[in-house]
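*Asks:* Let me see the structure of the following:
(2 chains)
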2 protein chains.
Amino acid sequence: MQDHLSRTFAALSDPTRRAMLARLSRGEANVSDLAQPFLKNMSLPAVTKHLKVLENAGLINKGRNAQYRPCRLNGVPLREAVDWMEQYRFAWEEQLDRLGEYLKAKTTGGSHGRKR
Amino acid sequence: MQDHLSRTFAALSDPTRRAMLARLSRGEANVSDLAQPFLKNMSLPAVTKHLKVLENAGLINKGRNAQYRPCRLNGVPLREAVDWMEQYRFAWEEQLDRLGEYLKAKTTGGSHGRKR
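*Replies:* Numbers count the residues shown, from 1 in each chain, chains lettered A, B, ... in the order given. Got it, this is the predicted structure:
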């Protein structure tokens, strides 16, 4: 069985699912409103499957009202995913700083070095 | 073809690959040192496949030294992934705040309501 964090990242690894989460970040929506923009490019079962992946990862909750069934963004798994990444932020920021320094030296100071 | 961000999240959706990135956040390592701790539970081809996924997602770079081949963490895709999530942070933080308020009300004030 897939662990929690793996399920979250797997759910985020698709542009349709990320677009659905982006839509829900602006407020709750029922399933048909949420599905609507995607039905131009894919079938209803394909859209439903994406929603199911988000729901199984706990990224969206469906309301209990049988008629309306609003979907809402659930922040808990997103925060867990960011927390995991933040643990290593110091390492990647350091690496990005080194890369920045290197590129700066290459574009500004690099030609001096060669001319000497 | 999978987009950049989808490839990053897909690469992160596995505990072995996350453990490899965690190891590299402490400094570069060659392929065999990086593979070593995982060979207790999986075959060398399986470990190599995980490394390939990380490399294809641009999360690790391999050095050019033919003898040593050090692997290094590449921060660019990680920062892009965090940036994507941060866009919606306000929405999920708000939702988490509401959830916190609800739980607080339920545990502290909920019983008063019923007693009145």
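*Asks:* quick check, distance from the one helix or strand A:D33 maps to to the centre of its chain.
*Replies:* For A:D33, the element it lies in under DSSP states H and E is helix A:31-35. Centroid separation between helix A:31-35 and its chain, computed with C-alpha atoms, centre = their mean, to the nearest Å, is 19 Å.
*Asks:* and the helix or strand hosting A:D97, does that touch chain B?
*Replies:* Using DSSP H and E, A:D97 falls within helix A:89-104. Yes. Against chain B, helix A:89-104 shows contacts by C-beta under 8 Å from any C-beta of the partner chain at A:R89, A:F90, A:A91, A:W92, A:E93, A:E94, A:Q95, A:L96, A:L99. All C-beta spots, glycine's among them, are computed from the backbone N, C-alpha and C.
*Asks:* ok, the last one - how many residues close by?
*Replies:* Applying the criterion other C-beta atoms under 10 Å in any protein chain shown, we find 13 residues in the vicinity of A:L99.
*Asks:* Can you show me the strands along chain A?
*Replies:* Along chain A, the segments classed as strands by DSSP state E run A:29-30, A:60-62, A:70-73.
*Asks:* I'd like to know which of those is closest to A:A10.
*Replies:* strand A:60-62 (14.6 Å; C-beta to C-beta).
*Asks:* Neighbours of A:M85, how many?
*Replies:* 19.
*Asks:* That one contacts B:D83, doesn't it?
*Replies:* No. With contact defined as C-beta atoms under 8 Å, A:M85 does not count as touching B:D83 (10.6 Å).
*Asks:* mind checking how far the residue lying closest to A:R17 once chain neighbours are set aside is from chain B?
*Replies:* Leaving aside its chain neighbours, A:R17 sits nearest to A:H50 (5.1 Å; criterion: C-beta to C-beta, 6 or more residues apart in numbering or on different chains). Taken as C-beta to the nearest C-beta, to the nearest Å, the spacing of A:H50 relative to chain B amounts to 13 Å.
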